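Peer 1: I would like to see how this sequence folds:
(one chain, ligands or ions: 1)
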Amino acid sequence: MSPRASSPLQPAQTKPASIRNFCIIAHIDHGKSTLADRMLQLTGAVEERVMRAQYLDRMDIERERGITIKSQAVRMPWEVDGETYALNMIDTPGHVDFTYEVSRSLAACEGAILLVDAAQGIEAQTLANLYLAMENDLEIIPVLNKIDLPAADPEKYAAEIAGLIGGSADDVLRVSGKTGEGVDALLDRVVGTIPAPVGDEDAPARAMIFDSVYDAYRGVVTFVRMIDGKLEPREKIQMMSTGSTHELLEIGVSSPEPVPSKGLGTGEVGYLITGVKDVRQSKVGDTVTNARTPAEQALTGYEEPKPMVFSGLYPIDGGDYPVLREALDKLKLSDAALVYEPETSVALGFGFRCGFLGLLHLEIISERLRREFNLDLIATAPSVIYQVQREDGELVRVTNPSEFPDGRIEKIIEPVVRSTILAPKDYVGAIMELCQSRRGTLDGMDYLSEDRVELRYRLPLGEIVFDFFDHLKSRTQGYASLDYEVDGEQEADLVKVDILLQGEQVDAFSAIVHRDKAYAYGVLMSGKLKELIPRQQFEVPIQAAIGARIIARENIRAIRKDVLSKCYGGDISRKRKLLEKQKEGKKRMKMVGRVEVPQEAFIAVLSTGETKKDAK
Ligand SMILES: Nc1nc2c(ncn2[C@@H]2O[C@H](COP(=O)(O)OP(=O)(O)OP(=O)(O)O)[C@@H](O)[C@H]2O)c(=O)[nH]1
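Peer 2: So this is what the prediction gives:
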């Protein structure tokens, strides 16, 4: 494949008419990275000699090790009819938790390539991002990828896509990121149909931050799209949400390695480095302006990141608490959405209550804590924000069951999501059953093609944060895809169920559940704990309670455990060994009142997410 591109345009001198800003909307594995590789190759942005598979992804891994910065936007030259254009490809996060970040990336573009696997068809996340792109008035270029696959069915899926975005199935481009077929035609289409950026070149500078990443060596690298005016190196810039000013140490473009430039003009996409150490000082959605001649009005659409899902993180080894605190402080530098505060649990000891954008965000953070900081953690069941109004009128914000107020309650408000589920039509019944059992209400249903259906449900966020996705997958043999977006609140009849061991409340097991499911939750939890907690030297009642009312009860019968009984008359070293072993075991026990609960019991009950799952 020989590159078709003449010498690139210089960033500071490129006129908006020669710029095209676009992103690729695609489901995981539909081939975004492979297609990006072909584009880098074809445009000559990356020389053949240094080309390697998943060029941009590779940079991602390097960034984790602090070697280079992640390329959130790549600039590529492309020539059409003797004229050179600068194409900026902007990366969009693919997952539902990061809808706001996606919306900012989209706001930085005039067009989007909708990339769909020609053997799979469109998926729910892609659909949700497509709708977002359409709401943002982006020009959509529909593309079927992997047409080289024997299983590809471009006719069927082209019709499906045409049905969604309008136009004819013939307008849907067909490419193979693997063989490179059709990629040049796609780049021509980008130049031909995506509008050039419009902005006021003479106005005071306004740049929208669509991403900021933390780099161990260079501090925060901020990715911006220039809307009006221009920015030049060594200027003082100002963040419009806070008014804070910073020296512009470096400004440039990624092509795809970072290349410093003489500035960025209207319509361009590039990066800024200011020496800021924390991504919170460079927030996605914020407007950057020139501190000397600031713009009067910030760009619209700025939002603070809002944590929606909360969970307590506790080190399994209490001695790791300072390590956990340090690790969270470090992660915060690169993640503006992570919030946390210290919390103590009677059962689990010292830990942190952490707020996340959603479940995936929670998973990413716990995984990073485990992998990068070597921490073994217990995470309490995820919870959402409830507004609880007491009878005396006081409103309490509850993100943790332990904050649930005692006494009489007037009403409880819970967050609700608008969800989209895509699946083959044979599974509609199973999906409806699941959504109904989670208090969902059907908003609508459409056939995308003969055999694929889009279901739209309103569901309480609290019902899906737990294990909804796992259930959806198992009921549809993995075929369903889900996307959701927080959409308002509703009143709900919820209660707090406590679990008591010998009359002592185990805070880590309390949960806020719908009244209809409280009994099932209580029975399930007490049954599980009975299996998991070893018999003690006295009888231990396990009770589930709503306030003072007991709704379920199990008993662990007493036993006198004498580890030495087996070795009557045995030699002393063997006895010592057994006693040592018993001591080891005790270390992993947590005391709840007088009851010894093995660490494993907490882990088994909390981390598998089996509690609410079975309590349906
Ligand atoms: N046959 C064929 N396989 C392809 C094509 N494009 C991508 N693939 C394969 O599909 C798989 C996923 O491709 P990626 O490019 O990693 O997909 P992605 O969308 O970037 O995936 P994530 O990085 O996980 O989001 C890989 O195994 C690729 O080799 C294609 O045009 N034809």
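Peer 1: what are the phi and psi angles of the closest residue to Gly349 other than its chain neighbours?
Peer 2: Nearest residue to Gly349, sequence neighbours excluded (CB to CB, 6 or more residues apart in numbering): Gly318, at 4.9 Å. Just so you know, the C-beta spots here come from the backbone N, C-alpha and C atoms, and that holds for glycine as well. Backbone geometry at Gly318, expressed as degrees, to the nearest 10, gives phi -50, psi -30.
Peer 1: Please list the residues of the chain that sit near the ligand.
Peer 2: Taking CB under 6 Å from any ligand atom as the contact definition, the chain meets the ligand at 26, 28-34, 57, 145-146, 148-149, 176-178.
Peer 1: swap the cut-off to 5 Å and go again
Peer 2: Contacts of the chain with the ligand, taken as CB under 5 Å from any ligand atom, map to 28-34, 146, 148-149, 176-178.
Peer 1: And the helices in the stretch 301-450 of the chain?
Peer 2: 321-334, 359-373, 428-437 (DSSP state H, counting those that start in this stretch).
Peer 1: Out of the residues of the chain next to the ligand, who's the most crowded?
Peer 2: Highest neighbour count within the residues of the chain next to the ligand, by other CB atoms under 10 Å: His30, with 27 neighbours.
Peer 1: Tell me if I'm right that that residue and Asn145 touch.
Peer 2: Yes. His30 is in contact with Asn145 according to CB atoms under 8 Å; the separation is 6.1 Å.
Peer 1: what do those two both touch?
Peer 2: 115-117 (CB atoms under 8 Å, 6 or more residues apart in numbering).
Peer 1: how far away is Tyr271 from the ligand?
Peer 2: 22 Å (CB to the nearest ligand atom, to the nearest Å).
Peer 1: Over to Asn290?
Peer 2: From Asn290 across to the ligand, the span is 37 Å (CB to the nearest ligand atom).
Peer 1: partner residues bridging that residue?
Peer 2: Ile237 (DSSP bridges).
Peer 1: wait, it sits on Ile237?
Peer 2: Yes. Using CB under 8 Å, Asn290 is in contact with Ile237, at 6.4 Å.
Peer 1: Specify which residue of those two has the higher count of neighbours.
Peer 2: The residue with more neighbours, out of Asn290 and Ile237, is Ile237; 24 against 21, by other CB under 10 Å.
Peer 1: now the helices for the stretch 51-200 of the chain?
Peer 2: For the stretch 51-200 of the chain, the helices defined by DSSP H, counting those that start in this stretch cover 55-64, 99-107, 124-135, 154-165, 183-193.
Peer 1: Which of these comes out lowest on mean pLDDT?
Peer 2: Mean pLDDT is lowest for helix 55-64 out of those, coming in at a mean of 53.
Peer 1: Quick one: residues contacting Pro16.
Peer 2: Applying CB under 8 Å, 6+ apart to Pro16 gives the contacts 196-199, 201, 265-267.
Peer 1: Tell me, what's the model's pLDDT at it?
Peer 2: Reading off the confidence values, Pro16 has pLDDT 93.
Peer 1: what do you get for Asp215?
Peer 2: 79.
Peer 1: So it sits against Val221, correct?
Peer 2: Yes. Using CB under 8 Å, Asp215 is in contact with Val221, at 5.4 Å.
Peer 1: Between those two, tell me which one has more neighbours.
Peer 2: Val221 (26 against 17).
Peer 1: what about that one, which SS state?
Peer 2: Under DSSP: H, G, I helix; E, B strand; the rest coil, the three-state class of Val221 is strand.
Peer 1: Assess the claim that it and Ile273 are in contact.
Peer 2: Yes. In this structure, Val221 is within contact of Ile273 by CB under 8 Å, at 5.7 Å.
Peer 1: per-domain residue ranges of the chain.
Peer 2: Annotated domains of the chain cover 16-193, 206-290, 309-380, 387-492, 495-606 [automatic domain parsing].
Peer 1: and of these, who's closest to Gln10?
Peer 2: Proximity to Gln10 (CB to CB) singles out domain 206-290 among these, at 7.1 Å.
Peer 1: for that closest one, how far is the first residue from the last?
Peer 2: 8 Å (CA to CA, to the nearest Å).
Peer 1: Then stretch 521-541?
Peer 2: So stretch 521-541: terminal residues 17 Å apart, CA to CA.
Peer 1: now do stretch 161-180
Peer 2: Stretch 161-180 has its terminal residues 22 Å apart, counting by CA to CA.
Peer 1: Show residues contacting it.
Peer 2: Contact with stretch 161-180 is made by 1, 31, 34-35, 37-38, 41-42, 114, 116, 118, 122, 127, 130, 134, 140-148, 154-155, 157-159, 181-183, 185-186, 189, 448-449, as judged by CB under 8 Å, 6+ apart.
Peer 1: Can I have the buried ones of these as a ChimeraX selection?
Peer 2: Burial among these is assessed by 16 or more other CB atoms under 10 Å; the matching ChimeraX selection reads:
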select :31,34,35,37,38,41,42,114,116,118,122,127,130,134,140,141,142,143,144,145,146,147,154,157,158,159,182,183,186,189,448
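Peer 1: which of the residues in the lengthiest helix in the chain are buried?
Peer 2: When the chain is parsed with DSSP state H, its longest helix is helix 515-532. For helix 515-532, burial by neighbour count (16+ other CB under 10 Å) applies to 517-526, 528-529, 532.
Peer 1: Return every residue with contacts to both of Asn290 and Ile237.
Peer 2: With CB under 8 Å, 6+ apart, Asn290 and Ile237 have common neighbours 205, 231.
Peer 1: How much space separates Thr43 from Thr92?
Peer 2: Applying CB to CB, to the nearest Å, the value for Thr43 to Thr92 is 20 Å.
Peer 1: Then Ile512?
Peer 2: Ile512 sits 34 Å away from Thr92, going by CB to CB.
Peer 1: Can you pick out the residue with more neighbours from those two?
Peer 2: Looking at Ile512 and Thr92 with other CB under 10 Å, you find the greater number of neighbours at Thr92, namely 26 against 23.
Peer 1: So that one sits against Lys32, correct?
Peer 2: No. Contact status for Thr92 versus Lys32: not in contact, 9.3 Å apart, counting by CB under 8 Å.
Peer 1: Give the residues shared as contacts by the two.
Peer 2: Counting by CB under 8 Å, 6+ apart, the shared contacts of Thr92 and Lys32 are Ile24.
Peer 1: Nice, that's everything, thank you.
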